[in-house]
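> Quick one, structure for this:
(2 chains)
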2 protein chains.
Amino acid sequence: MQFELTKEFLEEVRDLVQAKDSEKIRATLDELYPADITSVLYELDGEECKYVFNILDKSLDAQILSYIDEDTRTKFLKNFESKEIAEMMEFVDSDDAADILNEQPLRTREEVIGFIENKEKAQNILDLLRYEENTAGAIMAKEFVVTNVNWNVKHCIEEIRNQTAILEKLYTVYVVDQNEALVGHVSLKKIILATDYTKLLEIAETDVIYVETWMKSEEVADIMQKYDLDSIPVVNVQKKLVGMVTIDDVVDIIKERQEMDRQAMAGITEDIEEDDSVWMLTRARLPWLLIGMVGGLTGASFIGLFEKNLTLIPAMAFFIPLITATGGNVGVQSSSIVVQSLANRTFFEKNLGHRLIKVLMVGLINGLVLALLVFLANITLGQPIKLAFVVSIALLSVVMLASVMGTITPLVLDNFGINPAVASGPFITTTNDLLGLGVYFSVASMLYSL
Amino acid sequence: MQFELTKEFLEEVRDLVQAKDSEKIRATLDELYPADITSVLYELDGEECKYVFNILDKSLDAQILSYIDEDTRTKFLKNFESKEIAEMMEFVDSDDAADILNEQPLRTREEVIGFIENKEKAQNILDLLRYEENTAGAIMAKEFVVTNVNWNVKHCIEEIRNQTAILEKLYTVYVVDQNEALVGHVSLKKIILATDYTKLLEIAETDVIYVETWMKSEEVADIMQKYDLDSIPVVNVQKKLVGMVTIDDVVDIIKERQEMDRQAMAGITEDIEEDDSVWMLTRARLPWLLIGMVGGLTGASFIGLFEKNLTLIPAMAFFIPLITATGGNVGVQSSSIVVQSLANRTFFEKNLGHRLIKVLMVGLINGLVLALLVFLANITLGQPIKLAFVVSIALLSVVMLASVMGTITPLVLDNFGINPAVASGPFITTTNDLLGLGVYFSVASMLYSL
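Below you'll find the predicted structure:
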C-alpha cells in the first residue's frame, strides 16, 4: 500500500511527460497520494513540473503545493502567473495560503489576493498576513465551525454540512455568544451521541483553554502539549474567536525549533539545507568561523606572551590541544544540559546557586578522574614530574571553569532573549579555548617560578 | 483562564496538606486542570504527594500519572502498593498503562497486571508489553472504535456509545471485515453528515495508509507526517487491525529524537536531566571526556615528534589553538548539515560525489577567506612571513579536510545504524584536532625544510 518511488516509475513518468501524454499521466498519478505525487515532482525539472501541474486538478495542485518545502515552492511558483496562483489558493486553507503568499514578493502577493474570487477567503488571508511572524495569529487557521450558544445539535449539524466543503479536517466545534466571544467547544463525539434537539450549551465544555493572537507560537505549542490538546481556539483582544491552532502546527513548531537549535549548536547563522547554493552555504557558515578565527588569533597573541617559557620548556606546547579540547567538550556538555532544562521549563526557576554547586561537583569528579589519568600517562610517557603537575592542575581547573561557564552562558543568553542553544555552539568552544590557555599558562608560570 | 503556579498558592496547598484538611484540598484542586495539579505535585515531597493522591478521585490520579515525567513517576510509584497502582491503571489507556508498567520492576509489573479487574484491559496491556520498545506495536493504543463492514451508521453510533467511556479521544472509526482485517476508516465528520441507514462501506475511505506492528516508531512518525495524518491504524502480520497510533505519539517521538540528537552533539551518553544525581550526570559525561583525553594525549605525543622544530620556532605553538578550533568548527558545521539532510530524508539518496564536490567548494571559499585574513593579521602583528605562510596554508587545508570528514562521518555512521548526530559531537572535534595538528606540522616541516 505504501508507495516507493523507483527509478523505473520515474523514468515512466518522464517519458510520458516528454510525450505529452496527458491522459496517461493523469491516470498514472491519480493512483498516488498527493504527498507521493509531490515526491515525484521533486525529481522533475521546472518545465516538466509545470506541465504536470497544468494537467492535474486545481484542488490536487493546491494540496501538492502545501506539501512542497518552502524553498522549492518559491522557485516553483515563479513559473506561474498571479492569476494561476490565485486559482490554486481557492483550494488551500487560508493559513496555508497566507504561508505561501508570505514567501512571495510583495507585488505577487497583492496581485494574487486581488485575483482570488472567494472574497471571504481573500479577507481571511489578508487578516492572517497582518499578524507578526511566529505568533498565534500568524499560524492559526481561519477555517473552523462556529456555532451559536442558542443553537441545538440539529442546527449545528447543518452548519457543519454548510462549512464542511472548506474544512480539510474537523477537530471540534466552537460555541460563541452574540458578540462572537468564545463560550465553549463541543467535541464531534458528543455531537454524534446527542439527540437532535439537545442544546449545544448542555453538551459544550465551557471551561476552555485558549490563546490570544499576539502570543508566541512556541508558547502556543507549549500550552497545547501541557494540556494535551488537539486544537486550541485563538481569540483577539476583545476575546472574539478569530482562529484555531491544530496539533499539526505544533509538530511544525517543534521541528522548526529543533532545526534552529541544531544550527545554533553547529554555528550556522541561517536556515540552510544541503541543497542550497554554495554561496548561501558559505554565507551561513563564515560568520562563526570568523569569530573562531578572532578567538584563535587572540589565543595566539596570548601564548605569545609566554614565548620565553615555551623556549625553555617546548613540551608545554604539547598539551595545548588537550587543554583546549577538554574545556570545549565540558563547556558544550554543561550548556546543553541547561539548554534542555530551559526547553522543558517548569514553573519555578531553578536556583542559580544550586545549579552551580551541582555542576561544580560533577566537574570536580570528572576533572579529578581526567587529571589523575593524564598525570599517570605523563609519568609513564616520561614527561618531567613538574610538567605533569602543571598539566593536571590546569586540566582540573579548566574542567571546573568550563562547567561554570557552560552553565551560566545559556542562562544569560536566555535572559536577554537570545536562543540559549547558541551557548552550546562555537561560542562556548572559542571562549573556553581562551579560558583554557589562560589557566594553563598561568598555572605553568606559577609552578615553574616556585 | 490560564493557571499560574504562585508561591502563595503553593504555600496554601502545603498548609492544607499539613493540616490534613482533605475537604479544602479537594475543593482547591478541583478548580485546576490535571496538568496544573501535576505541576503543584512536582513541588511537594513524596509523603505530601501520596496524601493528595489518596484524596483525589482515582480517575484524576490516573490522568495526573500520565502527565508526570518518567523519572519522577518511577520514584513516586514506589510509595504505592501494586493493588493501588492497579486501581489507577483502570483509568488510563492501555498504551499509557504499558508505558508506566514498563518503568516498574518486573515483579511489580506482574503483580499490578494480576490486580487489574478489567480482564480485557489486562490482556491489552500484556499484548503491548510483548512488543519491542520503539516499534509501532509498543506505542500504539488499543482503545479505538472498530466497526464491521456490514454495519450501517446507526449501528456504528451505538458502538461509539458503548466504547466511548474508555476512549480518551476519538479520531476516526475503523472498519474491518469478518476476519478482523482492516478494510477502511470513516471520519467522525462523515458519520455526522450521513443518515442512520447509510452503509458504512459507502462513506468509508478504503484506501488506507497503515503501518505494521514491527515497524520502528520513527518510521511511523515519518509516514504520518508525510501524509499529514492525525492517526494511523496498526496491523499485525496477518493484516488484522490491532491498534492505532495518534499524532500526540508523533509529537513525543519527535521530541525524543530531538533530545537524543542534542545529547549526541553534546557528547553525553545517557538520557540525563539537570535534576539527576551527581553520579548519573558524571557517568553520562565522563566517557566522551575520556575519549577527548585520549585524543589530547595522542595529539601531545604527535606534537612531541616536532619538539626540535618548536625549539627553533616557538611561535609555531601560538597557532595550535587556531588550527584545531577551526577544524572543529568546520567539522561540526559540515556534519550537522548532513545530519539534517538525513533527518529529512527524501527518496533518492544524494550522490556522495556531488555532496563532496559541493562541500569542498564551500570549504575552499571559507578556507580562502580565513587564510587570507589570518595571513594579513600575522603580517600586521609582525610574524615572520614564512610562518604566516605555514599557518595560512595549514588553515586552508584543515578547512577542506574537516569539510570532507564532517560530510563523510555522519554518512558512514548512519550506514552502520549509529545515530549520525554523534558525528557532530566530540567525535568530530577530537578527530579534527588530530587531523589539524597533522596538517599543520607537516606543512611546517615541508616549508621550513625548503
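> what about the strands in the stretch 151-300 of chain A?
Along the stretch 151-300 of chain A, counting by DSSP state E, counting those that start in this stretch, strands occupy A:172-176, A:182-187, A:211-212, A:231-235, A:241-246.
> To chain B, which of those lies closest?
In terms of C-beta to the nearest C-beta, the element of these nearest to chain B is strand A:182-187, at 7.4 Å. From N, CA and C alone the C-beta is placed, and that goes for glycine too.
> Just the angle for that closest one relative to strand A:231-235, thanks.
160 degrees (axes from the mean of the first three to the mean of the last three C-alpha atoms, to 10 degrees).
> Rebuild the strands of the stretch 151-300 of chain A as CSV, extending it with mean neighbour count, distance to chain B and mean pLDDT.
Output for the strands of the stretch 151-300 of chain A, formatted as CSV (neighbours: other C-beta atoms under 10 Å in any protein chain shown; distance: least, C-beta to the nearest C-beta, whole Å; pLDDT from 0 to 100):
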stretch, mean neighbour count, distance to chain B, mean pLDDT
strand A:172-176, 23, 10, 91
strand A:182-187, 21, 7, 92
strand A:211-212, 20, 9, 95
strand A:231-235, 23, 10, 94
strand A:241-246, 24, 9, 93
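> Reformat those strands as CSV; add distance to A:Met88.
Compiled in CSV, the strands of the stretch 151-300 of chain A are given as follows (distance: least, C-beta to C-beta, whole Å):
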stretch, distance to A:Met88
strand A:172-176, 28
strand A:182-187, 31
strand A:211-212, 30
strand A:231-235, 25
strand A:241-246, 22
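> between the ones you listed, which one is nearest to A:Ser449?
strand A:211-212 (63.4 Å; C-beta to C-beta).
> Where does pLDDT dip in chain A?
Low-confidence segments of chain A, defined by pLDDT under 70: A:1-2, A:164-168, A:345-350, A:450.
> Now the closest residue to A:Tyr131 other than its chain neighbours: which helix or strand?
Closest residue to A:Tyr131 apart from its sequence neighbours, by C-beta to C-beta, 6 or more residues apart in numbering or on different chains: A:Gly137 at 3.1 Å. In this structure, A:Gly137 sits in helix A:136-139 according to DSSP states H and E.
> Need the contact partners of that helix.
By C-beta atoms under 8 Å, 6 or more residues apart in numbering or on different chains, the residues outside helix A:136-139 that reach it are A:95, A:98, A:128, A:130-132, A:211-217, A:219-220, A:234, A:242-243, A:245, A:249, A:253.
> For that helix, what is the distance to the chain centroid?
16 Å (C-alpha atoms, centre = their mean, to the nearest Å).
> do stretch A:131-144 as well
Worked out by C-alpha atoms, centre = their mean, stretch A:131-144 lies 17 Å from the chain centre.
> cool, stretch A:256-264 as well?
5 Å.
> Name the SS class of the residue of the stretch 1-150 of chain A found nearest chain B, please.
Among all residues of the stretch 1-150 of chain A, A:Leu5 sits closest to chain B, at 4.3 Å; criterion: C-beta to the nearest C-beta. When classified by DSSP: H, G, I helix; E, B strand; the rest coil, A:Leu5 comes out as coil.
> How is chain A divided into domains?
Domain assignment for chain A by automatic domain parsing gives A:7-139, A:145-246, A:267-449.
> Can you say which of those is packed in most?
Each of the domains of chain A was scored by mean neighbour count; the highest is domain A:267-449, a mean of 20, by mean count of other C-beta atoms under 10 Å in any protein chain shown.
> and A:Ser277, what is it in contact with?
Contacts of A:Ser277 by C-beta under 8 Å, 6+ apart: none found.
> And A:Ile116, by the same measure?
A:86, A:89-90, A:122, A:125.
> would you turn those into TSV with secondary structure and distance to A:Lys75?
Below are the contacts of A:Ile116 laid out as TSV (DSSP: H, G, I helix; E, B strand; the rest coil; distance: C-beta to C-beta, whole Å):
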residue	secondary structure	distance to A:Lys75
A:Ala86	helix	19
A:Met89	helix	18
A:Glu90	coil	22
A:Ala122	helix	25
A:Ile125	helix	22
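> Near chain B, list only the ones from those residues.
Applying C-beta under 8 Å from any C-beta of the partner chain to these, one finds that nothing falls near chain B.
> If anything else comes up later, I'll come back, but that's it for now.
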